[in-house]
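Student: Sequence first, predicted coordinates after that:
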Amino acid sequence: MRMRTVRTLIVAGTLALAWSTSPVTLAAVHASPTAPAFGASVHIFNPGMDQAAIQAQLNDIAVAQVHNEFGTRRDAVLFEPGTYGSSTNPLIFQVGYYTSVAGLGQSPGNVVINGEIEVFNSVCSGTGTNFGCFALNNFWRSLSNLTINVTKSQNPVYVPAPPDPGGPFCEQSNEIWAVSQASPMRRVAINGFTTFMDYCGPKAYASGGFVADSKLNGVLNGSQQQWITRNSKIDFWTNAVWNQVFSGVIGAPAQSFPNPTYTTLPASPVTREAPYLYLDSAGSYKVFVPSVQNNTSGTSWASGQTPGTSISIDTFFVAQPADSAASINAALQRGMNLILTPGVYHLDQSINVTRPDSVVLGLGFPTLVPDNGVASMTVARAKGMLISGIIFDAGPTNSPVLLQVGSGHARSDNEASDPTALHDVFFRIGGATPGKATTALVVNSDNVILDDIWSWRADHGNGVGWTANTADTGLVVNGDNVTAYGLFVEHYQKYNVIWNGNGGMDIFFQNELPYDVPNQAAWMESPGVDGYAAFKVGSKVTSFHGYGMGSYSFFNQGVNIYAAHAFEVPTTLAAGSLRDLLTIFLDPVNGSGGILHVVNDTGGSSTIANPDTPVTVVSYP
């Protein structure tokens, strides 16, 4: 468990906000359109169903998944166009692990939930005045493509955080989405107040999240330690804590780093929203593929339909966990796109995505595990490759890489008008299952967009230890003009990120150095240089820009371990290439050592002398 302390905490009272009065145009509702063979783990609801039956099934999923952190169950919850719940009988449910919730409309207004879709604290510990409840481990869940009119009544079911015997004690008419990494919110409109912390429990810490292409009335960030919001509209935002980044967000707080620690970019330089499943006006299933956008702010759907194209479901091979990698590859070789339905896929060979403009779409967090040391997936060096909504777990035999983007194809990825993009793609080394990998993700292609990546060498769970879940690096970028939004990379044993490509940009970076370094000699970049930088920009790179980048230390082996610096970059970069950098020493009770400089030899140290306090560098070089 990731133990943190935070000095800033706001407890919210009830805030009453008016619902949007703008008309919502609903897509035509068709009686039970024929769905592809998605399997029993894809739960499809329509507005003609009995609400009590919908509620009961959602409650059953929540009971199974709210505390199922390292289980094998996966669920996708899909709502056909229409309205669910009412002011007198709202639809309210919790979202647990490995549960993706999405509307099947072409726009967020096509599916309306009168009620709440919520995530509460999942872990409680301690006694007396030291008792606290946390959302630090609320990973691997998502919410997308719908509208919530926040409507509160007695919760139909509440799955408490053990040993918490109570419920959402003070919650009143608020949408609570208390999550940490790998829990994205996309294409969501919330009419009502939203809080990214479960303020109803004591302490209530959370560890970071991602929102994109969404419209939120108002947000209580509270004790969220870091967060990125991209291409959205918000009415107001409270609390900065350590690192809050806004890119292309209408209504974002003004740039003010380091006091408070807001990093605000008025526009996002290049974006491509995630592909999504939807029902068209004739009741046919399709996948929508958004187009690339340049220098934008606000949602992609503010003035109408998101720009892009639709693809018939008939062009997709709908895979089940029992399907072999060979059968999936055979479909890809026939020119099919790929939908991975919920479940755990054990692979004896790599899935090879080779056709330009291929779409690989995961439903319900499908998880790929290489059983014999191969890469789980290779993606050709081609334009327009879209990979979305997948977990890559390392297997018991070391893999050199889990996902390689850019291989095995004639170079054709220079078309910036049709970039490859990875959306909500997550990596684990250990935790769910014993696993090893040298590098989690390698990006060799140019013009790639990385949009919400969590690459995690596990610090808790199964198969965890310095010599057990071994992994050098979470991300290596070799391609030019790669842009990342929401890069979370943690606990790797050497450099967490190596960025060798020119013209790259990272907007938000969150890192924790490895907890379990046994001694300083085991963790040396070179003779005389303690530890490894969290983020290394290669010595041959002449152009790179980074905004809102943080690295934290928590060495928990009872000995002093130091990193000479958190960020290592060529001093020949243009002045101000890096903006708003910080380091933090976590947990003065159990932590040791620290980080001696922020970037190269610039910036002060983060040690037990200044715990839980950002040490900042505003601009470098």
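Tutor: Right, received. Where do you want to start?
Student: Contacts only, for the closest residue to S310 other than its chain neighbours.
Tutor: Nearest non-adjacent residue to S310, counting by CB to CB, 6 or more residues apart in numbering: K286, 4.7 Å away. No exception for glycine: its C-beta is placed from N, CA and C like everyone else's. Counting by CB atoms under 8 Å, 6 or more residues apart in numbering, K286 touches L277, Y278, L279, D280, S310, I311, S312, I313.
Student: Touching, A252 and W237? I think so.
Tutor: Yes. Counting by CB atoms under 8 Å, A252 touches W237, with 6.9 Å between them.
Student: Pull up the overlap in contacts between these two.
Tutor: T229.
Student: rewinding a little: let's have the contacts of K286 in CSV, adding pLDDT and distance to V425.
Tutor: Shown next, in CSV, are the contacts of K286 (pLDDT from 0 to 100; distance: CB to CB, whole Å):
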residue, pLDDT, distance to V425
L277, 98, 17
Y278, 98, 21
L279, 97, 25
D280, 95, 27
S310, 98, 23
I311, 97, 20
S312, 97, 24
I313, 97, 22
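Student: Among these, name the ones in strands.
Tutor: L277, Y278, L279, S310, I311, S312 (DSSP state E).
Student: Is it possible to get these out as a markdown table so that each row also shows distance to I328?
Tutor: Listed next are these as a markdown table, based on distance: CB to CB, whole Å:
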| residue | distance to I328 |
| --- | --- |
| L277 | 18 |
| Y278 | 23 |
| L279 | 25 |
| S310 | 23 |
| I311 | 18 |
| S312 | 19 |
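Student: Can you tell me which residue sits nearest the middle of this protein?
Tutor: Central residue of the chain (CA atoms, centre = their mean): A182, 3.2 Å from the mean position.
Student: Let me see the ranges of the strands in the stretch 151-300 of the chain.
Tutor: All strands of the stretch 151-300 of the chain, identified by DSSP state E, counting those that start in this stretch, fall at 174-176, 185-195, 203-205, 209-212, 215-220, 226-230, 233-234, 237-238, 243-247, 262-265, 268-272, 276-279, 285-290, 292-296.
Student: so which of those strands gets nearest A432?
Tutor: strand 209-212 (20.5 Å; CB to CB).
Student: Give the partner strands of that closest one in its sheet and their orientations.
Tutor: In the sheet, strand 209-212 lines up against strand 185-195 (parallel), strand 226-230 (parallel) (DSSP bridges).
Student: possible to save those strands as JSON lines with mean pLDDT, distance to V95 and mean neighbour count?
Tutor: Output for the strands paired with strand 209-212, formatted as JSON lines (pLDDT from 0 to 100; distance: least, CB to CB, whole Å; neighbours: other CB atoms under 10 Å):
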{"stretch": "strand 185-195", "mean pLDDT": "96", "distance to V95": "10", "mean neighbour count": "25"}
{"stretch": "strand 226-230", "mean pLDDT": "97", "distance to V95": "18", "mean neighbour count": "28"}
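Student: Redo these as CSV? Include distance to L143.
Tutor: Below are these laid out as CSV (distance: least, CB to CB, whole Å):
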stretch, distance to L143
strand 185-195, 5
strand 226-230, 14
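Student: Out of those, which is closest to A64?
Tutor: Minimum separation from A64 across these (CB to CB) falls at strand 185-195, 22.0 Å.
Student: What's the biggest helix in this structure, counting residues?
Tutor: Under DSSP state H, the helix in the chain containing the largest number of residues is helix 51-65.
Student: Pull the distance from that one to the chain's centre.
Tutor: 25 Å (CA atoms, centre = their mean, to the nearest Å).
Student: do stretch 487-501 as well
Tutor: 16 Å.
Student: Now do the helix or strand A440 falls within: which elements does it pack against?
Tutor: Here A440, judged by DSSP states H and E, is contained in strand 437-443. In terms of contacts (3 or more CB pairs under 8 Å, 6 or more residues apart in numbering; DSSP states H and E), strand 437-443 is packed against strand 399-412, strand 421-429, strand 449-457, strand 473-477.
Student: Among the ones you listed, which comes closest to P611?
Tutor: strand 449-457 (23.4 Å).
Student: So in that sheet, which strands flank the closest one, and in what orientation?
Tutor: When pairs are called by DSSP bridges, strand 449-457 turns out to pair with strand 421-429 (parallel), strand 483-490 (parallel).
Student: list the buried ones in the first one?
Tutor: Yep, that's strand 421-429 we're talking about. Neighbour counts over strand 421-429 (16 or more other CB atoms under 10 Å) mark A421, L422, H423, D424, V425, F426, F427, R428, I429 as buried.
Student: so can I have a markdown table of the residues you listed showing pLDDT and distance to V517?
Tutor: Shown next, in a markdown table, are the buried residues of strand 421-429 (pLDDT from 0 to 100; distance: CB to CB, whole Å):
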| residue | pLDDT | distance to V517 |
| --- | --- | --- |
| A421 | 98 | 34 |
| L422 | 98 | 29 |
| H423 | 98 | 33 |
| D424 | 98 | 30 |
| V425 | 98 | 27 |
| F426 | 98 | 24 |
| F427 | 98 | 21 |
| R428 | 98 | 20 |
| I429 | 98 | 16 |
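Student: so can I have JSON lines of these showing distance to K203?
Tutor: Below are the buried residues of strand 421-429 laid out as JSON lines (distance: CB to CB, whole Å):
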{"residue": "A421", "distance to K203": "37"}
{"residue": "L422", "distance to K203": "34"}
{"residue": "H423", "distance to K203": "32"}
{"residue": "D424", "distance to K203": "28"}
{"residue": "V425", "distance to K203": "31"}
{"residue": "F426", "distance to K203": "26"}
{"residue": "F427", "distance to K203": "29"}
{"residue": "R428", "distance to K203": "26"}
{"residue": "I429", "distance to K203": "29"}
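Student: F196: which of those is nearest?
Tutor: D424 (17.3 Å).
Student: Pretty sure the closest one sits against S388.
Tutor: Yes. D424 lies in contact with S388 (CB under 8 Å); the separation is 6.1 Å.
Student: which residues are in contact with both of the two?
Tutor: A274.
Student: Setting aside sequence neighbours, what's the nearest residue to P266?
Tutor: S297 (6.3 Å).
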